[in-house]
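> sharing a sequence plus its predicted fold:
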Amino acid sequence: MASHEIRVRELAYFLWEAGGQREGRDQQFWLMAERSVVQDIRAGLAPRRPKWMGNLTMPFC
């Protein structure tokens, strides 16, 4: 699995947890995470925390 796919998976999982672990929103969280990772890749940036995450702790990064 490519590193960007791992980043998307981990961020999507974190977003799901932060969003209250509600079922049925997996695609929404996946797309949000994918958008964030793609923006980083296009900008040539190292993995980062999106601004909208505020001070939340990411256990995977």
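All right, it came through fine.
> from here on, contacts and neighbour counts on C-alpha atoms
OK.
> so which bits of the lengthiest helix in the chain are buried?
Taking DSSP state H as the criterion, the chain has its longest helix at helix 26-43. Neighbour-count burial for helix 26-43, counted by 16 or more other Cα atoms under 10 Å, picks out 29-30, 33-34, 36-37, 40.
> tell me the centre residue of this protein?
Geometric centre of the chain, nearest residue: Leu11, 2.6 Å, by Cα atoms, centre = their mean.
> helix, strand or coil for it?
Classification of Leu11 using DSSP: H, G, I helix; E, B strand; the rest coil returns helix.
> pretty sure it is touching Leu31, no?
No: the pair Leu11 / Leu31 is not scored as a contact, 10.2 Å apart, by Cα atoms under 8 Å.
> stretch 12-21: how far from the chain's middle?
Centre-to-centre, stretch 12-21 and its host chain are 9 Å apart (Cα atoms, centre = their mean, to the nearest Å).
> my error: substitute stretch 8-28 in the last question.
8 Å.
> ditto for stretch 5-24
Offset of stretch 5-24 from its chain centre (Cα atoms, centre = their mean): 7 Å.
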